[in-house]
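[1] any chance you could fold what I've pasted below:
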Amino acid sequence: MTLDRSDVEKIAHLARLAVSPAACDRYALDLTNILDLVAQMDAVDTTGVEPMAHPLHMTQRLRPDLPTEPDQRNRFQAIAPQTEAGLYLVPKVIE
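    Below you'll find the predicted structure:
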């Protein structure tokens, strides 16, 4: 598929992009190359190829789910102005 200056101007208008007239020819060539590449990929026979969720079939290494810092909630709540049942009480902001 080959795009020309008028096609680029229409696409730019639909996308609400400001494209200078000097750049239209370059964009037309770039977009034509992209569409040609997509057409080449579309022409490849993929029958019998199993779809993949990820091309590398790798699993993510996970670290052990262990706490890295001690629980200091009681220490922090001891210096808070107001707490109740393990929660911080704050003034009402929205009426």
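[2] my read: Asp25 touches Leu3, true?
    No: with contact defined as Cβ atoms under 8 Å, Asp25 does not reach Leu3; the gap is 10.2 Å. Placement of C-beta: from N, CA and C, glycine included.
[3] got a list of what the residue sitting furthest away from the middle of the chain touches?
    Within the chain, Ala78 marks the point farthest from the mean C-alpha position, 42.0 Å out by Cα atoms, centre = their mean. By Cβ atoms under 8 Å, 6 or more residues apart in numbering, no residues touch Ala78.
[4] what do you get for the one 3 residues further on?
    Counting by Cβ under 8 Å, 6+ apart, Pro81 makes contact with Leu89.
[5] how far away is it from Val90?
    Pro81 sits 9 Å away from Val90, going by Cβ to Cβ, to the nearest Å.
[6] got a pLDDT number for the residue farthest from the centre of the chain?
    Per-residue pLDDT puts Ala78 at 94.
[7] next, it: phi, psi?
    phi -70, psi -30 (degrees, to the nearest 10).
[8] so which strand or helix has the most centrally placed residue in the chain?
    Taking Cα atoms, centre = their mean, the centroid of the chain lies closest to His54, which sits 15.8 Å from it. Of the helices and strands defined by DSSP states H and E, none includes His54.
[9] can you give me the strands in this structure?
    83-84, 87-88 (DSSP state E).
[10] many thanks, we can stop here.
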